[in-house]
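*Asks:* coords please:
(chains A, B, C, D, E and F)
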Protein chains: 6
Amino acid sequence: MGPRMALSRVLFIGRFQPFHKGHLAVIEWLLERFDEVVVVIGMASESHTWRNPFTAGERIMMIREALREKGIDLSKIITITAPTLEVNIASLHYILMLSPPIHAIATRNPIVESVARDIGVNVINPPLFRREVFAGEKIRLMIVAGDERWKELVPSSVAKIIEDIGGVERLKKLYRVCKEGGGAEKLCRVYQC
Amino acid sequence: MGPRMALSRVLFIGRFQPFHKGHLAVIEWLLERFDEVVVVIGMASESHTWRNPFTAGERIMMIREALREKGIDLSKIITITAPTLEVNIASLHYILMLSPPIHAIATRNPIVESVARDIGVNVINPPLFRREVFAGEKIRLMIVAGDERWKELVPSSVAKIIEDIGGVERLKKLYRVCKEGGGAEKLCRVYQC
Amino acid sequence: MGPRMALSRVLFIGRFQPFHKGHLAVIEWLLERFDEVVVVIGMASESHTWRNPFTAGERIMMIREALREKGIDLSKIITITAPTLEVNIASLHYILMLSPPIHAIATRNPIVESVARDIGVNVINPPLFRREVFAGEKIRLMIVAGDERWKELVPSSVAKIIEDIGGVERLKKLYRVCKEGGGAEKLCRVYQC
Amino acid sequence: MGPRMALSRVLFIGRFQPFHKGHLAVIEWLLERFDEVVVVIGMASESHTWRNPFTAGERIMMIREALREKGIDLSKIITITAPTLEVNIASLHYILMLSPPIHAIATRNPIVESVARDIGVNVINPPLFRREVFAGEKIRLMIVAGDERWKELVPSSVAKIIEDIGGVERLKKLYRVCKEGGGAEKLCRVYQC
Amino acid sequence: MGPRMALSRVLFIGRFQPFHKGHLAVIEWLLERFDEVVVVIGMASESHTWRNPFTAGERIMMIREALREKGIDLSKIITITAPTLEVNIASLHYILMLSPPIHAIATRNPIVESVARDIGVNVINPPLFRREVFAGEKIRLMIVAGDERWKELVPSSVAKIIEDIGGVERLKKLYRVCKEGGGAEKLCRVYQC
Amino acid sequence: MGPRMALSRVLFIGRFQPFHKGHLAVIEWLLERFDEVVVVIGMASESHTWRNPFTAGERIMMIREALREKGIDLSKIITITAPTLEVNIASLHYILMLSPPIHAIATRNPIVESVARDIGVNVINPPLFRREVFAGEKIRLMIVAGDERWKELVPSSVAKIIEDIGGVERLKKLYRVCKEGGGAEKLCRVYQC
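*Replies:* Below you'll find the predicted structure:
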């Protein structure tokens, strides 16, 4: 595969529920070091659950609009959609099969890192970018709580998309169904909050 | 689909673990408004777990016997069995594919409701029928606790079926295995109580 | 399961693409011998292919309208939908789990028969009802060829449903795509004609 | 979703085994009419079979290099990877869930077209671009036969990728194993040629 | 199946995360009563999660080395790998299909026992062998806590394998990721601790 | 994994429908070169079809009895059961995950060989052992045709197992159902002969 690697590429896996400024910072940091970033939208087949409220298509839209807002050249981003997101040797190979050849995987998860190293894939650890703030579930909880500061944690184009697609209301409904139990009973396993 | 809809139909999704008087009241309420009710037995492929102790076949039997006991014409009920029960756009379409054309989905779950509306399906909200009492898990816990009042919460024909198939003992075993941990360890993921 | 079997039941598996007079004759023959027939709609998750052009919901509608046309009491029919239709020991048990307890499986397929016998399930062989004529694929080919005699091979209510849902045109398109190859290339595996 | 559709988008589904000049012409034709093209790599989870010899990652690389060669702005292309490629109502919705909102599906397959129309999605029929020549399987057969004119049927960057990744030899091996039968026997179902 | 059963066989299902002295004692106890033991490695397709940290291959190696260490004839052990480990009638039949004919299932799980009895399979209850100590999760937690006494709970060959394959570090990473939440958020569903 | 490889191991994948003298010769040839052979029973989840008539359990029994008959030490054989048998990079890794560490894969299939080499696994090509005779499908066809010479192509213990489990009759039924078409129509996709 060597000769095809004239362009350097790095793989970045996430669920992006929602895509926030931490994710954006990672992509910018990676684009300073690689020509192209392969963004894997994990758990692409799940949506409308508390953990994965947004469809893969909505997440791709968030990613693209956020990068466009920042003036990043979208031609450097390759999106792929992976149905689930397990962490073992065969699963990582499955994701690698979906992707053009890469030079490294960007991760801070030590398990992903060791599985990657086991199969001979380079690993690069992007900095954390204030993870205590930029975490998907925290942002979703702020949205549910009506804490408007969530809009500072995501690119403004992402905030706009969430509002345009009725995402605030969707999250509130999901949270309510999850907490109630009655609803969770009725549609179990789906609302795993 | 219009011309085939001479009969009005409504879709009602549930797990029916077990089928109780709340479910029965919904079906009766729906039959006052529609010619036929399509009853979707969700998570039909799971059984012998704490959340889904009864097989799909046992649940269909409960539904039919309960309706028969009430004098409801079984020809107005169409049963379909759906392997899992996820709540997203594609999954709802999957269930719609299994069903004859319908005029509405009966649900009180706000997420199911908004997904249904997103794809242009009518939604009807049946009344709650004392949900604080008529909830599958509460009834299962009463059975495990030996609280005989559970028999007042399900149609008497359902109580009889549960006893005839050894359901009381099955629930007690499932609960014990779940709570013990050792057993749950040994057969993990199955007992998600 | 004994005590619940006050009603005698028999299981009848098919794909019903489409439901024809041969199927109808089997159900009538079975209803002379059993109180209830559990009709398993096999390959329920496939539709819009040459082999399985109609959705499970469309097939259930065909079955019900054909029986209604014949004056058969629909309360004696229990429909269940099975995602695929494999023939081995575990698969047959899977189908049995979806069904209320049965006394026998109706089949003329010798493999289904021996698997059923291996697991202790009774088998009953319905007569053939002119199988050389009443076969799903032959009827589909007649529809594609414009041979109007196909309408004599299905109950008239089924013919009406097929026409109402645009089934004639759907079959012609499927056949054309299959035979062309170019199209089959583009959407391979789906059109396995 | 309306407000997010400031950019017009069209969905184009294919297996791209390999990506050839016919595919390229469709994308160019679509980019004259839409701002962005969502390219769905179908059967992304299959590779190293006669029908799907190239991995999804290899196919994405072919698509991108071919477009780059033509001077097309890659930022207008959104790639998504779909595990299988079935044609029914639920499957099309599944693909739509993976994609940002679209205005139309580009297809010449009449079944895809009617399913799309059934669920309210616009369909656009791109011209054929000499389909008798530009068909994946024909090109693969030419490669196996050593007919060098296959290189005229794909963009030169695609020809280069196929050669760089050892694709010519891979196809010859696959064809040989398929035709031999002995090998196909040993690894059945995989080589469905 | 009678004539093939010249050798008596018993089925023993487990996840073996890791294989410990309790498992070993069960196998020894069973080999005093049967000619061969079919060891089912459950959840074989999962690895690198907190609940199932070791691959099926690593677990088979642990089992074989532990038995070899004890001087047990490995020709009496038949390993089979089962993708998941559900407890219902069809799933148990699935496992039985993978196994040569058996005379009994060894289990202390009351649900497995009643499902087995329901389908006519004998059940044998091995003694517990100090279950309060010999439990997979407890051993994993001891490893994470740095409590070296875990090595007394597994055969010494298993302790050696765990160390050789970097299992101690793998468990510590898995535990850390699970407890942190941030990581679990990023790769949800996998770390279900 | 190095230190655990004190014993040399080789992986041998097959469907073994049935296990014949060609398979046996390969295993003997491998045991002259390696300490242990990991035998992967492919397509373990399929049975009672023309291509895969025997269950995985029946196939394991054939393998073990044939080796025992030859006086081969069964402790050198490790059986694993793989649900399907695809040939791509991720699938081969899946099989490798099920297996203890190996030094090589034994195959004569050029695609398996190149995929294995791509991921850094050694390949060893066992001799063919008169493949024109020793091929599963040919033996099955001889059984169906009543050509008693099939018994010379399998170890005598395998012939005995096939007869004891009613395998001759099972194959004849499968062949008849496949060829008839009518039956194949009824239970399509299963009989892919």
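
*Asks:* got a list of what whichever residue of chain A sits closest to chain C touches?
*Replies:* Minimum separation of chain A from chain C (CB to the nearest CB) falls at A:Ser45, amounting to 15.1 Å. Using the backbone N, CA and C atoms, a C-beta is placed for each residue, glycine as well. By CB atoms under 8 Å, 6 or more residues apart in numbering or on different chains, A:Ser45 lies in contact with A:Ala56, A:Pro83, A:Thr84, B:Ala90, D:Tyr94, D:Met97.

*Asks:* most surrounded residue in those residues?
*Replies:* Highest neighbour count within the contacts of A:Ser45, by other CB atoms under 10 Å in any protein chain shown: A:Ala56, with 27 neighbours.

*Asks:* For chain F, see how far away that residue is.
*Replies:* 20 Å (CB to the nearest CB, to the nearest Å).

*Asks:* Return the set of buried residues in the host helix or strand of A:Ser114.
*Replies:* Assigned by DSSP states H and E, A:Ser114 belongs to helix A:110-118. Neighbour-count burial for helix A:110-118, counted by 16 or more other CB atoms under 10 Å in any protein chain shown, picks out A:Pro110, A:Ile111, A:Val112, A:Glu113, A:Ser114, A:Val115, A:Ala116.

*Asks:* With distance to chain E as extra columns, can I get these in JSON lines?
*Replies:* Output for the buried residues of helix A:110-118, formatted as JSON lines (distance: CB to the nearest CB, whole Å):
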{"residue": "A:Pro110", "distance to chain E": "4"}
{"residue": "A:Ile111", "distance to chain E": "5"}
{"residue": "A:Val112", "distance to chain E": "7"}
{"residue": "A:Glu113", "distance to chain E": "8"}
{"residue": "A:Ser114", "distance to chain E": "7"}
{"residue": "A:Val115", "distance to chain E": "6"}
{"residue": "A:Ala116", "distance to chain E": "11"}
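
*Asks:* Quick check: what element follows the helix holding A:Ser114 along the chain?
*Replies:* Per DSSP H and E, the first helix or strand lying C-terminal to helix A:110-118 is strand A:123-124.

*Asks:* Now do that next one, average pLDDT.
*Replies:* For strand A:123-124, the mean pLDDT works out to 95.

*Asks:* Likewise for stretch A:39-49?
*Replies:* Averaging pLDDT along stretch A:39-49 yields 90.

*Asks:* give me the low-pLDDT residue ranges for chain A?
*Replies:* Across chain A, the ranges flagged by pLDDT under 70 are A:1-5, A:84-89, A:130-134, A:179-193.

*Asks:* For it, which segments are assigned as helices?
*Replies:* Assigned by DSSP state H, chain A shows helices spanning A:21-31, A:56-69, A:89-98, A:110-118, A:136-145, A:150-153, A:156-164, A:167-180, A:182-186.

*Asks:* Point out the other helices and strands that the fifth one packs with.
*Replies:* Going back to what we said before, that points to helix A:136-145. The criterion is 3 or more CB pairs under 8 Å, 6 or more residues apart in numbering or on different chains; DSSP states H and E, and the helices and strands that helix A:136-145 contacts are helix A:150-153, helix A:167-180.

*Asks:* Mind putting those helices into a markdown table with distance to chain D and mean neighbour count?
*Replies:* Formatted as a markdown table, the helices and strands packed on helix A:136-145 follow (distance: least, CB to the nearest CB, whole Å; neighbours: other CB atoms under 10 Å in any protein chain shown):
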| stretch | distance to chain D | mean neighbour count |
| --- | --- | --- |
| helix A:150-153 | 17 | 18 |
| helix A:167-180 | 11 | 18 |
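
*Asks:* among these, which is nearest D:Gly14?
*Replies:* helix A:167-180 (31.2 Å; CB to CB).

*Asks:* Please list the residues of chain A that sit near chain F.
*Replies:* Taking CB under 8 Å from any CB of the partner chain as the test, the list of chain A residues beside chain F reads A:Asn88, A:Ile89, A:Ala90, A:Ser91, A:His93, A:Tyr94, A:Leu96, A:Met97, A:Ile119, A:Gly120.

*Asks:* and of the buried residues of helix A:110-118, the nearest to B:Ile165?
*Replies:* When these are compared for distance to B:Ile165 (CB to CB), A:Ile111 wins out at 43.3 Å.

*Asks:* Distance-wise, check the closest one relative to D:Ala159.
*Replies:* In this view, A:Ile111 and D:Ala159 are 40 Å apart by CB to CB, to the nearest Å.

*Asks:* still on that earlier bit, does chain D sit close to the helix holding A:Ser114?
*Replies:* No. Figure legend: helix A:110-118 not in contact with chain D (CB under 8 Å from any CB); closest approach 15.9 Å.

*Asks:* Could I get the CA-only coordinates of that helix as CSV?
*Replies:* Once non-C-alpha atoms are left out, helix A:110-118 reads as follows in CSV (Å, rounded to 0.1, in the frame of the first residue of the first chain):
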residue,chain,number,x,y,z
PRO,A,110,-5.4,3.1,26.3
ILE,A,111,-7.3,0.0,25.1
VAL,A,112,-7.7,1.2,21.6
GLU,A,113,-4.0,2.2,21.7
SER,A,114,-2.8,-1.2,22.8
VAL,A,115,-5.0,-3.1,20.3
ALA,A,116,-3.8,-0.8,17.5
ARG,A,117,-0.1,-1.4,18.5
ASP,A,118,-0.8,-5.1,18.7
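
*Asks:* picking that back up, got JSON lines for the residues of chain A next to chain F, with distance to chain D too?
*Replies:* JSON lines is the format used below for the residues of chain A next to chain F (distance: CB to the nearest CB, whole Å):
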{"residue": "A:Asn88", "distance to chain D": "16"}
{"residue": "A:Ile89", "distance to chain D": "17"}
{"residue": "A:Ala90", "distance to chain D": "12"}
{"residue": "A:Ser91", "distance to chain D": "12"}
{"residue": "A:His93", "distance to chain D": "10"}
{"residue": "A:Tyr94", "distance to chain D": "7"}
{"residue": "A:Leu96", "distance to chain D": "7"}
{"residue": "A:Met97", "distance to chain D": "5"}
{"residue": "A:Ile119", "distance to chain D": "15"}
{"residue": "A:Gly120", "distance to chain D": "16"}
